[in-house]
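Peer 1: just coords:
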């Protein structure tokens, strides 16, 4: 279907390239496990859902794309990004598409560039590079194809050979989309329990979220005890709807043993609207401990995604809201922060805690030594900015010798852009092949071992780590 | 002119090497833009200026060279480095040269080794490695050539094909050298406004610098308001003399919104000589905000070079003064420190703020995400210790996927050693070719795109970022 | 003797591989200098000592091996790791061996995997990969060979061509094993003075260690003055027994000038058992200064190994004690922490201070700039988790351009596993050859220089840095 070079992304050295091709081939077509991501479940709940226009599909909702254009001075309004206040933004999608095509050179050498070209070629049969001159013609070709039944989300889910896709859902979500889609469709799209909106006391709308939690859980939340019972109720509901995992964000991975009365003191101050400095951070740290305990009890895999300073750009956040490309990583410390949790639960094989990082300095210094010791720990794949060819190479380089392959969790695409999922997994499989080829060529392993490792990287590790 | 290998510094793999050669060739001879550096303008103000002896040219003023010899136990006195107290140091330049040659092996695999060999070969036609045995012969050959007219600074400026060279000058500098050199010579040597000596309240001689600022600006500095007016006057003067940019050093890149009265409170304490702890750091943080505002108003590009702990070696500083190889980097944080400035000015396309770092961990974690989002930000090239083949490879690896090439600012040589400028730019162009060759060979871009990127790396990015 | 591939671990590119082979060959057989490690001197004190069973040799005492197995859920009890309380653990060594072999795939791509295969092949002639199917057969073959005289520790010491091996010994050690072994045996096994047990005020058993120090030194320790005299006495004793160096661990490399009375105040509080917060850290920081002073006086080389948070896993530490694979690195700062020591002693050529790190971010940012300036500083090789092929590549990449080769200290194996010493040095020599080959291939040095550098890396640097 695609005319992209068959040996793309492999090492240029002929020995390595041939080995990488040999290692990649058997795993290229394995089913896709997507155990963590942000695809909207409504795409699958409605059999008649479509992806909209080319600008809807490729530009407007993708903050990887809009941030790069914005960084070069293109206003988000001109890209059709909706304003919080409903103020005017570009509504002519063809005009948005032209702007994107005229600036496509900005994506040279970036992972977005790689994914975009792969999607254009793999799904739409377009092998030309977008540019000002071909923008209109590409727009028409893509628009036409997007109306076809084989380009519906459900059809592409099957065509992509996705075995399981996890969405990410608020603790207060009733998962109606997930229930709806199971009627008359057998694609496995499962929810993931992400309670940040009620756990992080300084989340926007925390109080409203909490009231909603009381409603949907049937547990009147009046103190930390009832709060935890409500969360346990929601976890059970998520699990009943197919969830395999929970997910937690925090600026730091701090964990903390608090007494119930200390925790309730913080919670009561939050209920009264009179928090003390540090309350929110300490409460999140305490709740991570509680979440680990619950995971041991209900078997849901626990994911932790720390280290992003959200909404760094105040003016853009005020005007356009969350997830507009202005979340910036900060230095992150795991060794001391995770000590309370790991001392309490890290030796319990019933727990699986999958760690992510935006701070690559922790790969070799903290995360690999921790994962190479604690039975409960696994390392997630390169995340966000590091989900790239070089990011993967650094991950393999800095993590694997110390953590060992079998303490890692395979790949997550972590994307909102459903159509890019095959491209992202393919990049991982190709990057994996390049790494394993290096081990074989340097005689650290033999080819049989290499093939086994490839099958783990592409499928087995994620399957087992996420209990899919 | 040189007999150095034509394929030096390219990747050894034949595919990559040939691609790199093909990519390098068209940019090898492009004019040199040197938008940030520390060459002494007196070299060009006096048509009869010379470089002095081989020791003057290669050793005595070059702290890259003297630090390495010092680290192996050779006293700075024996290298002719002048003492602050005027005490005795070696004055026999031939003897200094012999010591250098006898220890030339210390520079194996270092960037200084690369530059030294390139200068010896490219300018003086010397392809032998310096050693004890050939020291005298080399000294005589270089000495002889240094007396020739074609080895004068002005002649080499032309021979090097330098389109523009920026010096770095104190806010109190009257730029007489720059004015003088424009009479009867058309080399474009421009000043750069670096106000650290008056902005950093704990700078040595701050009070004397401030008095000098009042004198040269014609603005009596009595409070923060008049201080800022005096700086604005100086910026206008620098701009009139051709300046394109300002430059700012600080231990951290902290920025801070202060009210005018808070700022003036600090300033008044400094004037009275009774600062409080933290005053100097807070004032620098405040002034960075002011400098960004001024840049928006006058269009001068703003550069920030944070993270060096100056004069780490107290005894050496006391004896030999500034810039003797004992400035040591410290960990640097950008995400939180720059937040106030970027929230205020980072979305304004009239501002260009070029960031540098000595802490490579910030490349992928902080700087590339920031530059890949804020319109006002660009990333400067690898700086100081990282201005090396490996340092450049790490920069390309860790910055480009996330920041995007077009949010970077090309190359700076940042050197005091005028004769090494072509060598330094050549290393950058060769390293760039190696990186771009890797993108082409792994099929991430095609060769046409590669050529365009090379032209940007060698020339276009710096031209536009610095508005040259 | 071994059938491992002759070109193992070299770069796959043919140019580099051939160069690496050419560079490696002349140094492959050079004598081994092992100036820092943890081999038990009792192995050599008793001429009849043996290595015990295959499980004794390869598994039970090697926390690199047991941590990886433990991380995958295998209880340490099943690996025969002794419990602190003497409780029951597996005593059937064949059963332990089977468990190890059945899980040998966990070591794919890890340094332990590399060393294990090299030892199996090089010493025991076993080239099969261990697995469940061949576990019993391998156990029998190894067991049989371990009873032969040529497999005794003393015989292998000679067969390994070890010129000098340093153990690591408490300040209170009387070095009887070292004295014993010198009677009738000429292997050079020297002690190293490691006073952590008395210097770190919060060391377990500090008070008992201190009493022991009084006894063995003959100096009644009642204050910091007598404490220092007692340490000086021990250093003299160690030196008389052949010691070349001291070694110091600390969570941070903080150094601190205290007045004698400040230091004694801390010491007196410790003696009374009523320390204040920060006392231990400040005292260690002060004692590092004192140790540097003593090194200048007695000529012992000073080593500093900071940055490991020991016994991170409380439950494992309680049950199994020290050194069970649960020491986890933390971020480490050198520039500011070492400033007091380096300002006092760093310019003194009589001092050699060899720095190690578990925080690779400090390589290019702090350690290389420091070592490339201070005459007293050398950088030790990649340590612990970073003693690996990739760890070495990162070290060469990030250290050498700035520090210069000649400010590094060659290789340490730092191991408890005596039989792995040749394998570890061979990995270093091969990794060195790969790095130097890259310099030659990129025309930064010529082949003659490369050979000289190889000889330094394999032998000369350690010989001189440790004054062996």
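Peer 2: The structure has been received and is ready for your questions. All values derive from a computational prediction rather than experimental measurement. Numbering: from 1, shown residues only, chains lettered A, B, ... in the order given.

Peer 1: How about residue A:442, nearest residue that isn't a chain neighbour?
Peer 2: The shortest distance from residue A:442 to any non-neighbouring residue, by Cβ to Cβ, 6 or more residues apart in numbering or on different chains, is to residue C:9 (5.3 Å). Every residue, glycine included, has its C-beta placed from N, CA and C.

Peer 1: Please apply the same query to residue A:79.
Peer 2: Residue A:79 sits nearest to residue A:66 (Cβ to Cβ, 6+ apart), 5.3 Å away.

Peer 1: Outside of the one helix or strand the one you found maps to itself, list whatever touches it.
Peer 2: Residue A:66 is part of helix A:63-71, with elements assigned from DSSP states H and E. With Cβ atoms under 8 Å, 6 or more residues apart in numbering or on different chains as the contact definition, helix A:63-71 has outside contacts at A:58-60, A:76, A:79, A:81, A:99-100, A:103, A:106-107, A:110-112, A:116, A:316, A:323-326, A:417, B:371-375, B:377, B:404, B:407.

Peer 1: Now, those residues that are in helices?
Peer 2: Of the positions in the contacts of helix A:63-71, A:58, A:99-100, A:111-112, A:116, A:316, B:371 sit in helices, assigned by DSSP state H.

Peer 1: so who does the residue in the stretch 151-300 of chain A positioned nearest to chain C touch?
Peer 2: Nearest to chain C in the stretch 151-300 of chain A, going by Cβ to the nearest Cβ, is residue A:257, at a distance of 12.0 Å. Residues in contact with residue A:257 (Cβ under 8 Å, 6+ apart) are A:286, A:289, A:340, A:344.

Peer 1: now it: how far from residue A:288?
Peer 2: Counting by Cβ to Cβ, to the nearest Å, the gap from residue A:257 to residue A:288 is 11 Å.

Peer 1: care to break chain A down by domain?
Peer 2: A:14-49+A:152-465, A:51-148 (automatic domain parsing).

Peer 1: Kindly compare burial across these and name the winner.
Peer 2: Per residue and on average, the most neighbours among those fall to domain A:14-49+A:152-465, with a mean of 20 (mean count of other Cβ atoms under 10 Å in any protein chain shown).

Peer 1: and that domain, how far apart are its ends?
Peer 2: Using Cα to Cα, to the nearest Å, the end-to-end distance of domain A:14-49+A:152-465 comes out at 34 Å.

Peer 1: One more: stretch A:454-468?
Peer 2: 18 Å.

Peer 1: From the chain's centroid, how far away is it?
Peer 2: 16 Å (Cα atoms, centre = their mean, to the nearest Å).

Peer 1: List of residues touching that stretch?
Peer 2: Residues outside stretch A:454-468 that contact it (Cβ under 8 Å, 6+ apart): A:23-24, A:26-27, A:30-31, A:33, A:35, A:163-164, A:166, A:244-245, A:299, A:301, A:352, A:354, A:378, A:405-406, A:408-412, A:425, A:428-429, A:432-433, A:436.

Peer 1: Which members of those are positioned in helices?
Peer 2: Using DSSP H, those in helices are A:23-24, A:26-27, A:425, A:428-429, A:432-433, A:436.

Peer 1: Adding pLDDT, write the residues you listed out as JSON lines.
Peer 2: Putting the ones in helices among the contacts of stretch A:454-468 into JSON lines (pLDDT from 0 to 100) gives the following:
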{"residue": "A:23", "pLDDT": "98"}
{"residue": "A:24", "pLDDT": "98"}
{"residue": "A:26", "pLDDT": "98"}
{"residue": "A:27", "pLDDT": "98"}
{"residue": "A:425", "pLDDT": "98"}
{"residue": "A:428", "pLDDT": "98"}
{"residue": "A:429", "pLDDT": "98"}
{"residue": "A:432", "pLDDT": "98"}
{"residue": "A:433", "pLDDT": "98"}
{"residue": "A:436", "pLDDT": "98"}
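
Peer 1: Which strand residues bridge residue A:34?
Peer 2: Beta-bridge partners of residue A:34, counted by DSSP bridges, are residue A:165.

Peer 1: mind listing what it touches?
Peer 2: A:162, A:164-166, A:412-413, A:421, A:425.

Peer 1: do residue A:105 as well
Peer 2: B:406, B:449, B:452.

Peer 1: For the first one, give me its contacts.
Peer 2: By Cβ under 8 Å, 6+ apart, the residues touching residue B:406 are A:72, A:105-106, B:456, B:461.

Peer 1: Swap in 7 Å and give it another go.
Peer 2: Each residue near residue B:406 by Cβ atoms under 7 Å, 6 or more residues apart in numbering or on different chains is listed here: A:72, A:106.

Peer 1: in what helix or strand does the residue of the stretch 151-300 of chain A closest to chain C lie?
Peer 2: Judged by DSSP H and E, residue A:257 forms part of no helix or strand.

Peer 1: how much space between it and residue A:353?
Peer 2: 16 Å.

Peer 1: cool, residue A:285 as well?
Peer 2: 14 Å.

Peer 1: cool, and residue A:247?
Peer 2: In terms of Cβ to Cβ, residue A:247 sits 11 Å off from residue A:353.

Peer 1: now residue A:215
Peer 2: To residue A:353, residue A:215 is 30 Å away according to Cβ to Cβ.

Peer 1: With that, I have no additional questions.
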